[in-house]
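J.: need a structure here:
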Amino acid sequence: MRRHSTPSKSSTVLVSADGIGAFVPSRQRPVRVRTRNMPADTHFEPHRHAWAQLAYCSTGIVQVTASTPEEVTYIVPPSRAVWIAPGALHTINVLEAAEFRTLYIDASATPASWDNCRVLVVSPLLREVIHSLDSPREALSVAREQLLTGLVLDELTRADTQALGVPMPNAQTGNKRLRALCEAVLRAPSERATLAEWAADIGASERTMARLFREELGTSYQQWRQQAILAHALPLLARGQPVSHVAAASGYASDSAFSAMFKAAMGQSPSHFQNKNGL
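T.: Residues are numbered from 1 along each chain as shown. Next comes the predicted model:
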């Protein structure tokens, strides 16, 4: 039986979702940008908004967990952002110190069918427009703010999406053993253990856990673990780490096996996602 360390909570910084105040969007100003520098281990308490939110960091890495109504966890490097639908319960953990830019978007301006959360690719243009819209109010004329707002909304509808979410059992209603197993795998992505071995760690049978994966998450353990590995690997690649290191950190014995899995899932090789200069 393996023993996995549990992250320490002593250094966690709890942040209330209150205090949005002047950043609340409206039909007149449908996109508001709020920038905050957040240290690692910052944790936003679970909350929801009447408006949509785009969770994006220009530097650093965040983890977003959202329920719409199924619970999904996303790992978000600077090249990606998570769209959080209006009314979705969500929480955010800062994994690496981040310059966190939150876009609050009025429900009247959201695309018609965007009622689920998703990962979006942040294009260079979208990144720069967000930065420009984040200028002090006095530095933006009404006309310029309207132009930038329209461009942000247009770029969002054109952004590519990626299936990088890791579905999780509901914290309140889901099976506790299944959630414990999923959390253990997310804490130790390099562990090359079978479902039977993980199940034994929590006192369950392989057959029981395989059934729970199908019934609660709608997937097999193998498919779920692949999503977890992709969510873990992408931030490492975004930091410019060698593919060999990312493969080993993801539990793969060879670079070629990892690269083949990654390309089949993402449509591009791991090197395509590398930031050669790091973050």
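
J.: show me where the stretch 101-250 of the chain has its strands.
T.: 118-121, 161-162, 166-168 (DSSP state E, counting those that start in this stretch).

J.: JSON lines for those strands, including mean pLDDT and mean neighbour count?
T.: C-beta: built from backbone N, CA, C; applies to glycine. Listed next are those as JSON lines, based on pLDDT from 0 to 100; neighbours: other CB atoms under 10 Å:
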{"stretch": "strand 118-121", "mean pLDDT": "90", "mean neighbour count": "19"}
{"stretch": "strand 161-162", "mean pLDDT": "81", "mean neighbour count": "14"}
{"stretch": "strand 166-168", "mean pLDDT": "89", "mean neighbour count": "21"}
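
J.: any chance of these in JSON lines, with distance to A112 too?
T.: Shown next, in JSON lines, are the strands of the stretch 101-250 of the chain (distance: least, CB to CB, whole Å):
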{"stretch": "strand 118-121", "distance to A112": "14"}
{"stretch": "strand 161-162", "distance to A112": "16"}
{"stretch": "strand 166-168", "distance to A112": "24"}
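
J.: L120 is in contact with R158, isn't it?
T.: No: with contact defined as CB atoms under 8 Å, L120 does not count as touching R158 (9.8 Å).

J.: pull the contacting residues for L125.
T.: L151, E155 (CB atoms under 8 Å, 6 or more residues apart in numbering).

J.: where does A55 sit: helix, strand or coil?
T.: strand (DSSP: H, G, I helix; E, B strand; the rest coil).

J.: just give me the residue closest to the centre of this structure.
T.: Taking CA atoms, centre = their mean, the centroid of the chain lies closest to Y74, which sits 2.6 Å from it.

J.: what sits against that residue?
T.: Q63, V64, T65, A66, V82, C117, V119, L164, G165, V166, A231.

J.: what's the following helix or strand after the host helix or strand of it?
T.: For Y74, the enclosing helix or strand under DSSP states H and E is strand 71-76. As assigned by DSSP H and E, the chain's next helix or strand after strand 71-76 is strand 80-84.

J.: packing partners of that following strand?
T.: strand 52-67, strand 118-121 (3 or more CB pairs under 8 Å, 6 or more residues apart in numbering; DSSP states H and E).

J.: let me see the mean pLDDT of it.
T.: For strand 80-84, mean pLDDT is 92.

J.: what comes into contact with that strand?
T.: 49, 52-56, 64, 66, 74, 76, 90, 114, 117-122, 156, 162, 164, 234.

J.: could I get the contacts of Y74 as CSV with distance to F213?
T.: Below are the contacts of Y74 laid out as CSV (distance: CB to CB, whole Å):
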residue, distance to F213
Q63, 21
V64, 22
T65, 18
A66, 20
V82, 23
C117, 21
V119, 22
L164, 19
G165, 15
V166, 12
A231, 17
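
J.: and the least confident of these?
T.: Confidence-wise, L164 trails the rest of those, at 74.

J.: quick one: residues contacting that one.
T.: Y74, I75, R80, V119, Q227, L230, A231, L234.

J.: what's the local residue count around the second one?
T.: I75 sits with 26 neighbouring residues when counted by other CB atoms under 10 Å.

J.: how about L54?
T.: 22.

J.: tell me the spacing between it and D160.
T.: Computed as CB to CB, to the nearest Å, the L54 to D160 distance reads 15 Å.

J.: still on that earlier bit, now the angle from the strand holding Y74 to strand 52-67?
T.: 120 degrees (axes from the mean of the first three to the mean of the last three CA atoms, to 10 degrees).

J.: returning to that earlier point: nearest to P242, out of the helices and strands packed on strand 80-84?
T.: strand 52-67 (17.9 Å; CB to CB).

J.: same question for that closest one: list its buried residues.
T.: Neighbour counts over strand 52-67 (16 or more other CB atoms under 10 Å) mark 52-58, 60-67 as buried.
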